[in-house]
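Asker: quick one: sequence and predicted model below, then my questions.
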Amino acid sequence: MYYNDAEIEVLYNNPERDHVERKRSTNLKNEILTCVCAFANDLPNRRRPGVIFVGVEDDGRCANLTISEKTVREVANWRNEGKVQPLPTITVESKIISGCPVIVVQILPSGIPPVRFGGEIIVAIGTTRTVASEADEARLNEKRGVGARPFDTRSISEWPAPGSEDTKLGVLMEPEVRHGASEVHAGVQA
């Protein structure tokens, strides 16, 4: 789930953290992709997107970046160049926040970490983006084991609650009464 506009503004107005980064320009492509990789790995296990504000100085001042539709498309297409693997799930959009034109990149945590940039596993440790240690890599591999399993091999306790936004499990567990059957399915009796 991505952040809404109000949450984005709060993140923009606060200091950098392990899931928030500022970059002054799109000329810092490799640094931006390093952050994309680190945020997709989600080592702190926040289970929330990482956010990169392009067009903002490290101290929070506006860099007055000129942003065009073409620039936003170029940043979005960096994902498809193959430098970050497996491909992360991102959104890229231009916004004006507190009078400052910025490109906001949101990166969802990967369900199949570790994610690599240029062949290296990059993680966020506080406000630093660095190569993962062996222990970090082991943690990411453990997360992959859980996230990459097929749905039918997971215990029911791992599934979201029936009727929640995250699943259609409620539909799967309904008895087939609407089709004229009166059987027991997945513990639900018709």
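Answerer: Everything's here; your move.

Asker: residue contacts, residue 144?
Answerer: Contacts for residue 144 (C-beta atoms under 8 Å, 6 or more residues apart in numbering) come out as 112-114. The C-beta positions use only the backbone N, C-alpha and C, and glycine is treated the same way.

Asker: how close does it get to residue 117?
Answerer: Distance, residue 144 to residue 117, by C-beta to C-beta, to the nearest Å: 17 Å.

Asker: looking at this structure, which helix or strand is least sure?
Answerer: Ranking every helix and strand in the chain by mean pLDDT, DSSP states H and E puts strand 184-185 at the bottom, with a mean of 38.

Asker: tell me the secondary structure at residue 72.
Answerer: For residue 72, the assignment made with DSSP: H, G, I helix; E, B strand; the rest coil gives helix.

Asker: pretty sure residue 86 contacts residue 111?
Answerer: No. Between residue 86 and residue 111 there is no contact under C-beta atoms under 8 Å: 9.3 Å.

Asker: give me phi/psi at residue 92?
Answerer: Dihedral pair for residue 92: phi -130, psi 130, per degrees, to the nearest 10.

Asker: ok, now which ones touch it?
Answerer: Contacts for residue 92 (C-beta under 8 Å, 6+ apart) come out as 72, 75-76, 103-105.

Asker: and residue 66, how many neighbours?
Answerer: When neighbours are defined as other C-beta atoms under 10 Å, residue 66 has 7 of them.

Asker: residue contacts, it?
Answerer: Contacts of residue 66 (C-beta under 8 Å, 6+ apart): residue 101.
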